[in-house]
Each structure stands twice: as structure tokens, then as C-alpha cells.
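>>> give me the fold of what follows.
(one chain, ligands or ions: 2)
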Amino acid sequence: MPVEHPKNPPVLPETSLCSTYYQVTEHTDFAGTSEILGKKRFEDWLFSANYTEDAEKLASCALRFEHWQCENGHDFYFRKYCGREYCPICGAKDSYYHNRRVMRAAEHFIWAVTWGNLTFTMPKEISERRLSKEQLRQLQKLAWEVTERILKVEGASVTVHLLGEKSEGLHVHFEVLFMRIGCFNRGLIPAPRLKAVKKVWALLLNKEFGLSLKTTDVRYSFAATHPKKWHKLSYIHRPICTEEKMLALPDEDKKYILSLKGYHRTRYFGQLANNKVKEFLKKHWAPIKLRETPLIEKRICPMCKTKMFYQDTVFADEIPKSQVVMYNNDIWMDRAVGAFLLLQKFEEG
Ligand SMILES: [Zn+2]
Ligand SMILES: [Zn+2]
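Residues are numbered from 1 along each chain as shown. Ligands and ions are numbered 1, 2, ... in the order given. Modelled structure (predicted):
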């Protein structure tokens, strides 16, 4: 039988994965507040630029629920999010999506004592060329290859950031995160090694884009303590193309970022690649999953253990509140199922 509640304490508090409720309330007020303040909204820009579908998804984010039912007629309602980074709810720091990205990355890295992090920055003139998905993918691979070749690491994640901290337009850089096994000096890299990384990256960029760079901007840092590691994950996987940043971009750059839809901003290489990672984690005695997904989130009725089926989509005030109870801020469930879960909790002590 699948485990319903993880016995090990999750590394992030369970509730942080569903902390979006309070932002929903803020979002509802947001329209009114920004009107008073005369603030622009990205939703309006999307409408005006004929991105109607995206605009509508953004406008209805978190306001509607999907109604699902199990084979025995238990009802469930799941809040619908648009999942877009430029959405004020989904693209907030510590949103469900941000935390989910952090947890996924943590599953690859948390077991290792020391992590290294190289940041490969693209020269501004290249960033401004609006690199295609294929080019970004190729550069991700190259960043991994340089890291592997010079630092002899076994695996890494490479995350693309299209914008920087400040609103200075497109600023493409690659965050390469890797474990440093058996390293001394708590993760430091000797200066000549880092110099070699910069040089090889310059050579590769010269070849790729016909440039004549002598060196490049590559920074290195490492994390060996728990708080530093969580900070690193949170930083690397933070929302980048947020509403505020999108609004500050020229229209052509806005359109460019929208055209990259479906692009995987984080890819795993070496022993961390999807087809190898399970074996690799086993070898290092690492947990494969840090957080067991509860049945209800997998659309399986926790009481009957049968699959749920989609029924329809309703607004929050259409949920028959007398027949359901809250599972969390985003899920309502049949009263019978609620009572069953409560009983189960008591029995577990
Ligand atoms: Zn959203
Ligand atoms: Zn059921």
C-alpha cells in the first residue's frame, strides 16, 4: 500500500508547498490596488498584444477549481493555477511552483556534503541576440562539458536564467550545480582551475558565435552547510521572468520570452541524467524521494484507493461547501474522505 504520510520529516515544511492561499487573497485585491496606484499589469499587456489565451489563464489563475470524482462517487475539488512565471501568484517567491522546483532539485543533491556552483555568463552582445531554444540547449550542454572536463565532476544540473537581478534587459547566464565528492578545503577550487574554466568557455563561445574573447565571466561559489544549500537551491530555482521584470522589458524581448514556452530551464547531465540518477542515488545511499506525494495529489481517492475522474471546472462559490471539507488551501474533499483521513491519523497516533 502506498504511504500516505511520510514518516521522515520533510526537509521543507509540508505546508510551504501549498502556501499560495494567502497570495490568492492578495491577488484578488491586486487588481483594485494597482488601478488606484496606476500600476501596469502584464495581463493587460498580454491582452493588448493578442496573447489572449495566456491573458485569460492569468486572469482566472487560482479562482477556479477542477472537480474530480472517484469510482465510488467521492468528490474532490482542486484549485487551478496557470503555472506561469509572470503570474503574480505562480511566479511569487515561495509559491507552489518555486517550492516544487526546489524540492525536485534537492532530491538530486541533498545527500552530498559539499556542492559547487559555477555561473557562466554570456557576453551582453550574445544575450541580446535572443538565443533560440536550440541554442540555449546547446549552451547548457557546453557549460556541463566544461565543468566535467576541468573539474572532473560526476554529474550536474544546468539552469538557464534569461534575466539578471536588476532590470537591465536580457542577461543570459547558466547556473551549474554539482556535488564535490571527496573534496578537501571545503569546496574551494584552485585558482588555475577556475582560470582554465574561463578560458575553455571563451574558446567554445568563440567557436559557437565567431567571437574573439580571451576570457569570460565565470564565477564560482560553494555550499557546505544546510542553510547555504537551501539558499542556493532557492536562488537558482527562483522565479526569473516575473511580472515586474516582464513589464520592464521592451516588447520584442517580452515576445521572445513568451516564445520560449515549454523550454526546460533545468537539465541534468552525467550521473544525474534522468536515465542514470536513480542508480547513482542508490549508490550513495540517498533517498530517491524526499517527499512522498500524498494519494490525493496523485488524483487517487485516499479512502477507496481508486483513480479519480475529471468531471468539470467550477468557481470557488460553486463548491457545495456542506458536502466537502478542506484538505489544504488548494484542495477540498468529500466529508466522508475527510473523516476517514482523520480516523487514520488517530490510529497512527
Ligand atoms: Zn498563475
Ligand atoms: Zn472514494
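>>> list the buried residues for the helix or strand hosting Trp144?
Per DSSP states H and E, Trp144 falls inside helix 133-151. For helix 133-151, the buried set under the neighbour-count rule, 16 or more other C-beta atoms under 10 Å, comprises 136-137, 139-140, 142-144, 146-148, 150-151. All C-beta atoms are positioned from the backbone trio N, CA, C, and that covers glycine.
>>> what do you get for stretch 237-245?
In stretch 237-245, counting by 16+ other C-beta under 10 Å, buried: 237-243, 245.
>>> and the residues you listed, which two are furthest apart?
Greatest spatial distance in the buried residues of stretch 237-245: His237 and Glu243, 17.9 Å, computed using C-beta to C-beta.
>>> still on that earlier bit, so which of the buried residues of stretch 237-245 belong to helices?
With helices taken from DSSP state H, the overlap with the buried residues of stretch 237-245 comprises 243, 245.
>>> interface residues of the stretch 201-349 of the chain facing ligand 2?
By C-beta under 5 Å from the ion, the residues of the stretch 201-349 of the chain that approach ligand 2 are 301, 303-304.
>>> which of the residues you listed tops the neighbour count?
In terms of neighbour count, Cys301 stands highest of these at 25 neighbours, by other C-beta atoms under 10 Å.
>>> count the neighbours of Ser259 for me.
Count around Ser259 with other C-beta under 10 Å applied: 12.
>>> just the strands in this protein please.
Secondary structure of the chain (DSSP state E): strands at 64-70, 75-79, 115-121, 155-163, 170-179, 218-223, 266-270, 308-315, 324-328, 331-334.
>>> and the first one, average pLDDT?
In other words, strand 64-70. Mean pLDDT, strand 64-70: 97.
>>> okay if I get the buried residues of helix 133-151 as CSV plus distance to Phe222?
What follows is these, written out as CSV (distance: C-beta to C-beta, whole Å):
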residue, distance to Phe222
Leu136, 25
Arg137, 26
Leu139, 23
Gln140, 21
Leu142, 22
Ala143, 17
Trp144, 18
Val146, 17
Thr147, 13
Glu148, 17
Ile150, 15
Leu151, 11
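>>> for these, which one is nearest Leu260?
Proximity of the buried residues of helix 133-151 to Leu260 was ranked by C-beta to C-beta; the top entry is Leu136 with 7.7 Å.
>>> distance check, the closest residue in space to that closest one that isn't next to it in sequence against ligand 1.
Nearest residue to Leu136 in three dimensions, chain neighbours excluded: Val160, at 5.6 Å (C-beta to C-beta, 6 or more residues apart in numbering). Distance, Val160 to ligand 1, using C-beta to the ion, to the nearest Å: 21 Å.
>>> number of residues surrounding Val160?
22.
>>> spell out which parts of this protein neighbour ligand 1.
Within the chain, the positions adjacent to ligand 1 are 61, 81-82, 87, 89-90 by C-beta under 5 Å from the ion.
>>> ok so, going back, and the helix holding Trp144, average pLDDT?
The average pLDDT for helix 133-151 rounds to 95.
>>> any idea of the angle that helix forms with strand 266-270?
With axes from the mean of the first three to the mean of the last three C-alpha atoms, to 10 degrees applied, the angle from helix 133-151 to strand 266-270 works out at 40 degrees.
>>> helices and strands around helix 133-151, which ones?
Judged by 3 or more C-beta pairs under 8 Å, 6 or more residues apart in numbering; DSSP states H and E, helix 133-151 is in contact with strand 115-121, strand 155-163, strand 170-179, helix 191-209, strand 266-270.
>>> so can I have CSV of the ones you listed showing mean pLDDT?
CSV is the format used below for the helices and strands packed on helix 133-151 (pLDDT from 0 to 100):
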stretch, mean pLDDT
strand 115-121, 95
strand 155-163, 96
strand 170-179, 95
helix 191-209, 93
strand 266-270, 96
